[in-house]
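Q: Here is my input, please return the structure:
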Amino acid sequence: MIFLIGLAAAGLLGLGFVAQQHAAYREPLGRMLHPSLLLDLIHKPLWLAGLAAMVGGQILGALALSGANVAKVEPLLATNLLFALVIGRIVCKENLHWNEWLGGLMASGGIALFLVLGEPTGEHPTGPESERWLAAAGIVFLALVLVSIGRRSPLQTRAMLLAAAAGMLFGLQDAVTRGLLLRLGHGLWAIVTSWQPYALVIVAICGLLLAQSAFDAAPLRVSLPAATAAEPITGILLGVLVFTERLRLGPGPLAGQIIGLAMMVSGIVILGRSPYLAKRENNVSECPEARLP
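A: Predicted coordinates for the structure are as follows:
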């Protein structure tokens, strides 16, 4: 059941990303990383529909996290790019080429290999006062470094760096969500008086702004793969560091996990380069004009 819920969440996220990027891509580049970008996008029905799909995906993702640890759920959420590819294919009304099939097989096979060989199990509820949450501060710092470098980089590199920073914050958001779910048994007052629900809102808004800025800068084939790869890696890392989730560490399983993650990231990159995720000059209504060659 967790597997199906995770895939359903990924499907809604993929749909949301496609709709949001089509709307954000028409925004002036000068609004990147500025709150006015979000204020303008909330007046666009297509973007709001994408946001609704994304929220639905986040809710299903939270439901999956309530029944499984972060290291199991995150790889499933990473398949949102597969769904974005299919949606892009339907919109552009063209057949998939061999590289799209290769990317899909590599991404799916890598996720399956990681889950089978890693067998992420076990966790310890971590209260908001635990020092293990300092790992979250490290993730925020790394995201800020990527944003800082991206601001001084060429447009295409900027899009990838901003998307990677957004993915890191989305992974952090998943970990904080899991932390809140584990504390439900302590009562509402214990949750309200902790830093986690407020940090969750701030992280979600910042991640959304970074993602929309990346979508404003470049087509999905450039911007989405970095976010899709960074989110599960961050979530798995926080699952191990914060919730002490355990992966099989024998030489064989560890090598298989590394290969699986490498396959997943490589497949995501290949899929992200699909022309069906980019906007086209010859069909603005279905695959709008791209700024990049």
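Q: so R158 touches L146, yeah?
A: No: in this structure R158 lies outside contact range of L146 using C-beta atoms under 8 Å: 9.9 Å. For the C-beta atoms, the positions are set from N, CA and C on the backbone; glycine is no exception.
Q: what's the longest helix in the protein?
A: Ranked by residue count under DSSP state H, the longest helix found in the chain is helix 155-182.
Q: buried residues in that helix?
A: 156, 158-182 (16 or more other C-beta atoms under 10 Å).
Q: I'd like the mean pLDDT over it, please.
A: The average pLDDT within helix 155-182 is 89.
Q: Could you do stretch 231-240 as well?
A: 84.
Q: Give me the residues contacting it.
A: 69-71, 73-75, 77-78, 120, 123, 135-136, 139, 167-168, 170-172, 174-175, 178, 245-247, 261, 264-265 (C-beta atoms under 8 Å, 6 or more residues apart in numbering).
Q: What about the residues you listed, which are in helices?
A: 70-71, 73-75, 77, 135-136, 139, 167-168, 170-172, 174-175, 178, 261, 264-265.
Q: Report the outermost residue of the protein with respect to its centre.
A: Distance from the C-alpha centroid of the chain peaks at W189, with 30.3 Å (C-alpha atoms, centre = their mean).
Q: where does that residue land on pLDDT?
A: Listed pLDDT for W189 reads 82.
Q: Name the helix or strand for it, please.
A: helix 188-192 (DSSP states H and E).
Q: mind saving the C-alpha coords of that helix as CSV?
A: Output of helix 188-192 as CSV, limited to C-alpha atoms (Å, rounded to 0.1, in the frame of the first residue of the first chain):
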residue,chain,number,x,y,z
LEU,A,188,-1.4,18.9,19.8
TRP,A,189,0.2,21.2,22.4
ALA,A,190,3.6,19.4,22.1
ILE,A,191,3.5,20.1,18.3
VAL,A,192,2.3,23.7,18.5
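Q: buried ones in it?
A: Neighbour-count burial for helix 188-192 [16+ other C-beta under 10 Å]: I191.
Q: which is the next helix or strand following it?
A: Once helix 188-192 ends, the next helix or strand along the chain (criterion: DSSP H and E) is helix 196-217.
Q: Could you tell me the angle between the direction of that next one and that of helix 155-182?
A: 160 degrees (axes from the mean of the first three to the mean of the last three C-alpha atoms, to 10 degrees).
Q: shaky segments in the stretch 51-200 of the chain?
A: 70-71, 92-96, 120-125 (pLDDT under 70).
Q: follow-up on the earlier one: distance of the residue farthest from the centre of the chain relative to F114?
A: 38 Å (C-beta to C-beta, to the nearest Å).
Q: Might you report the residue contacts of A68?
A: With C-beta under 8 Å, 6+ apart, A68 has these contacts: I2.
Q: State the distance from it to I149.
A: A68 sits 34 Å away from I149, taking C-beta to C-beta as the criterion.
Q: just A211 next, same as before
A: Between A211 and I149 the distance is 17 Å, computed by C-beta to C-beta.
Q: neighbour-wise, which of those two wins?
A: Neighbour count, other C-beta atoms under 10 Å: between A211 and I149, A211 has more, with 25 against 14.
Q: what pLDDT does that one get?
A: Looking at A211, its pLDDT is 94.
Q: For the residue nearest to it when sequence neighbours are not counted, give me its contacts.
A: The shortest distance from A211 to any non-neighbouring residue, by C-beta to C-beta, 6 or more residues apart in numbering, is to A166 (4.0 Å). The contact partners of A166, by C-beta under 8 Å, 6+ apart, come to 207-208, 210-211, 214, 227, 230.
Q: Which helix or which strand is home to the nearest residue to L161 once chain neighbours are set aside?
A: Spatial nearest neighbour of L161, chain neighbours left out: G150 (3.5 Å); criterion: C-beta to C-beta, 6+ apart. Using DSSP H and E, G150 sits within helix 134-151.
Q: Could you figure out how far that helix is turned away from helix 155-182?
A: 160 degrees.
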